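> Based on what follows, work out the 3D shape:
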Amino acid sequence: MNKIFTLIPVIILCFFQVKAQRSYWQQKVSYQMDISFDVSTHQYRGTQKLLYQNNSPDTLHRVFYHLYYNAFQPGSMMDVRSRTIADPDPRVTDRISKLTKEEIGYIHVKTLAQNGQPVDYTEEETILSAWLANPLLPGESTSLEMEFEAQTPLMVRRAGRDSKEGIEYSMAQWYPKLCEYDDMGWHANPYVAREFYGVWGDYEVNITIDAKYILGGTGYLQNPNETGGGYEDDHIKVKPSGSLKTWRFRAPNVHDFVWAADPDYTHVKRTLENGTILHFLYQKSKKTKDWELLPDLLVKVFHHLNEHFGEYPYDQYSVIQGGDGGMEYPMATLIEGERNLGGILGTAIHEIVHSWYQGVLGNNESLYAWMDEGFTEYVAYATRQALFEPGSTKNPVENQYKAYMMYAAAGIEEPMTTHADHFNTNSQYSIGSYSKGAVFLNQLSYIIGKDTFMKGMRRYYNTWKFKHPTPNDFIRVMEKESGIELDWYKEYFVYTTKSIDYGIENVESKGETTEILLRRHGQMIMPIDLVVEKKDGSRVLYNIPLGIMRGRKEAEPGDMQWHEAKAWAWTNPTYSLTLPFSLKEVVSISIDPSERMADIQRENNIFTPKNN
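Below is the predicted model:
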């Protein structure tokens, strides 16, 4: 008896420890960096002081940093992967293998200390591993002081110098960046191809560079009257080449920092109704004439996103000509500029929407690329349709459906749970992250209803902004908003490659009634909207939920009569429905005429009576 009672407090203590470990927490960083940039060699030296707050329940004995520029060297993992994958990115192919000593990129840490005490560290290509001089206990913080040197690579992928459009410096992934540590442990992934994950924190970055350059990027410029370039309140003449000036930026509550520099940037601004300032930096020429139209169009985009998907939380955003296509960063994007208006506008909208689903909802996009790329794809296309295709009722991500369903029907897709770097091919990554991710959202609006879905999207953003949401976090928000259980949807569509295929098996007249038999041919289960068009011009929708949903969507706006049919037990391959009118009154019967359900064989979704 005594032993039993002795164990009770231990069991209770363990229970509360488990409960505590399951509660949400995230790490916190504060960067202070001073950079001296030599444009004659494309090299720079820097000092970094990083305050790291350990909010985890774990004692940390070592830390890891990303050294992204080390990927741009012959023989690197990125180089080998690009030369051996079946469908290499055409921007990379074998270009890294051909870089010369002056063209490669590197970041080398020269010294590293913890609270003034030297730290042992090793450089493992794009990851620096460091053993702390003193363990970092839960709830405590420590200072990590570093000196580093780097060389900007020739532009190959995302970052570098001398882009094909003549932008001198696109400085992404340019500094030793602390890896993220969360409830899954360290995420010290080598830089092989794509996607990022960062620690939330504050940045103070001072960049000293040739005075002829104009800079833009993440954060708020602290000394506009000293730097010029269109940022100043009063006109300041830009100093001649050879002299130096320091640009001082501050960026609160972000998880990365990007900047770009060129002596020929034109800088224009627009201010939103809420005071947010949009900066546009580009090289003015005949090839970039459509940039002059871009600012006013993107003002409309920001207003639309703020109204429908949640308020952009920062005081500025910069659209900068640079990079090798389009890439998102906190408070900024780098995009190519020598395109027609349609191309540059589409890219800009996509990258701006990333500010919601990567910049503010900082999920682990290496592990959950679809939560970033797919959500962005859906919202970007829906925004383009709402603003620039007035009156359109088409599926905004129709092409994404086609791409996904082609792969699903061919049996060559990979699960959305695949790590971004570990898809077998680049095309499978694109389909699984961009296309299927967009389908995931649009199809969810079919399951729970469009109005509820839009409310859920705003609730998700406001609940999880400045955090690291997971698929479970998103689904739980949508369950709370809709009152419907959705774990089955996540488990089928995200964790597996099971596909959807429903068909109308048989329709038979039974006097004054009509008997319909539906069959599930595919392995994935779904609720069904069955629409009957009648000869009198009316349309009737029968909503058939899944039993395991424990609920159903509300009637959606439209001109159809809405009827709630009995639930379909997911174990049953067939389902019968009796219509209270004769088959003679029917023009057609169809499964999901909205085509929001990603049924890979739609040919069997429609029935037309022979007497018609």
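> how about the helices of the protein, start to end?
Ranges of helices in the chain, per DSSP state H, are 2-22, 77-84, 224-227, 294-309, 341-354, 369, 375-388, 398-410, 426-430, 436-448, 450-464, 471-482, 487-493.
> which stretch in the ones you listed has the least confidence?
The weakest mean pLDDT among the helices of the chain belongs to helix 2-22, with a mean of 43.
> Take the helices of the chain and write them to CSV, including distance to Asn206 and mean neighbour count.
Quick note: C-beta positions are derived from backbone N, CA and C, even for glycine. CSV is the format used below for these (distance: least, CB to CB, whole Å; neighbours: other CB atoms under 10 Å):
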stretch, distance to Asn206, mean neighbour count
helix 2-22, 39, 9
helix 77-84, 30, 18
helix 224-227, 11, 17
helix 294-309, 28, 17
helix 341-354, 26, 20
helix 369, 33, 25
helix 375-388, 32, 22
helix 398-410, 43, 18
helix 426-430, 37, 18
helix 436-448, 38, 24
helix 450-464, 32, 18
helix 471-482, 36, 19
helix 487-493, 45, 18
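> Need the ones you listed in a markdown table (columns: distance to Ile209).
As requested, the helices of the chain are exported to a markdown table (distance: least, CB to CB, whole Å):
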| stretch | distance to Ile209 |
| --- | --- |
| helix 2-22 | 46 |
| helix 77-84 | 27 |
| helix 224-227 | 10 |
| helix 294-309 | 26 |
| helix 341-354 | 25 |
| helix 369 | 34 |
| helix 375-388 | 32 |
| helix 398-410 | 41 |
| helix 426-430 | 35 |
| helix 436-448 | 38 |
| helix 450-464 | 36 |
| helix 471-482 | 41 |
| helix 487-493 | 47 |
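> out of these, nearest to Asn604?
Set against Asn604 and scored by CB to CB, the helices of the chain come closest in helix 398-410, at 13.5 Å.
> quick one, that closest one and helix 375-388 angle?
Counting by axes from the mean of the first three to the mean of the last three CA atoms, to 10 degrees, helix 398-410 lies at 140 degrees to helix 375-388.
> hmm, back to that, closest to Arg158 out of the helices of the chain?
With CB to CB as the measure, helix 77-84 is the member of the helices of the chain nearest Arg158 (11.0 Å).
> how is this structure carved up into domains?
Split into domains by automatic domain parsing, the chain comes to 27-199, 380-493, 502-607.
> Just put those domains in TSV and tack on distance to Asn340.
Putting these into TSV (distance: least, CB to CB, whole Å) gives the following:
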stretch	distance to Asn340
domain 27-199	14
domain 380-493	14
domain 502-607	30
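> which stretch among the helices of the chain comes nearest Leu583?
Shortest distance between Leu583 and those, using CB to CB, is found for helix 436-448: 27.0 Å.
> quick check: angle from that closest one to helix 398-410?
Using the same axes, to 10 degrees: helix 436-448 against helix 398-410 is 100 degrees.
> Could you list every helix and strand that helix 436-448 packs against?
Counting contacts by 3 or more CB pairs under 8 Å, 6 or more residues apart in numbering; DSSP states H and E, helix 436-448 is packed against helix 375-388, helix 398-410, helix 450-464, helix 471-482, helix 487-493.
> Adding distance to Ala211, write the ones you listed out as JSON lines.
Shown next, in JSON lines, are those (distance: least, CB to CB, whole Å):
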{"stretch": "helix 375-388", "distance to Ala211": "37"}
{"stretch": "helix 398-410", "distance to Ala211": "46"}
{"stretch": "helix 450-464", "distance to Ala211": "41"}
{"stretch": "helix 471-482", "distance to Ala211": "47"}
{"stretch": "helix 487-493", "distance to Ala211": "54"}
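> Let me know which of these is the nearest to Pro57.
Across the helices and strands packed on helix 436-448, Pro57 has its closest neighbour in helix 471-482 (19.0 Å, CB to CB).
> Only alpha carbons, please: show the closest one as PDB.
Taking C-alpha atoms only, helix 471-482 is exported to PDB below (Å, rounded to 0.1, in the frame of the first residue of the first chain):
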ATOM      1  CA  PRO A 471      -1.000  21.000 -40.400                       C
ATOM      2  CA  ASN A 472      -2.800  20.000 -37.200                       C
ATOM      3  CA  ASP A 473      -3.000  23.600 -36.100                       C
ATOM      4  CA  PHE A 474      -4.600  24.600 -39.400                       C
ATOM      5  CA  ILE A 475      -7.100  21.800 -39.300                       C
ATOM      6  CA  ARG A 476      -8.100  22.500 -35.700                       C
ATOM      7  CA  VAL A 477      -8.900  26.100 -36.600                       C
ATOM      8  CA  MET A 478     -11.100  25.000 -39.500                       C
ATOM      9  CA  GLU A 479     -12.800  22.400 -37.200                       C
ATOM     10  CA  LYS A 480     -13.600  25.100 -34.700                       C
ATOM     11  CA  GLU A 481     -14.900  27.500 -37.300                       C
ATOM     12  CA  SER A 482     -17.000  24.900 -39.100                       C
END
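> between that helix and helix 450-464, how big is the angle?
Going by the same axes, to 10 degrees, helix 471-482 makes 130 degrees with helix 450-464.
> wait, which of the helices of the chain is closest to Asp315?
Short answer: helix 294-309, nearest of the helices of the chain by CB to CB, at 12.5 Å.
> relative to helix 341-354, how tilted is the closest one?
40 degrees.
> and helix 294-309, what does it pack onto?
Under the contact criterion of 3+ CB pairs under 8 Å, 6+ apart, helix 294-309 touches strand 265-271, strand 277-283, strand 316-321, helix 341-354, helix 375-388, helix 450-464.
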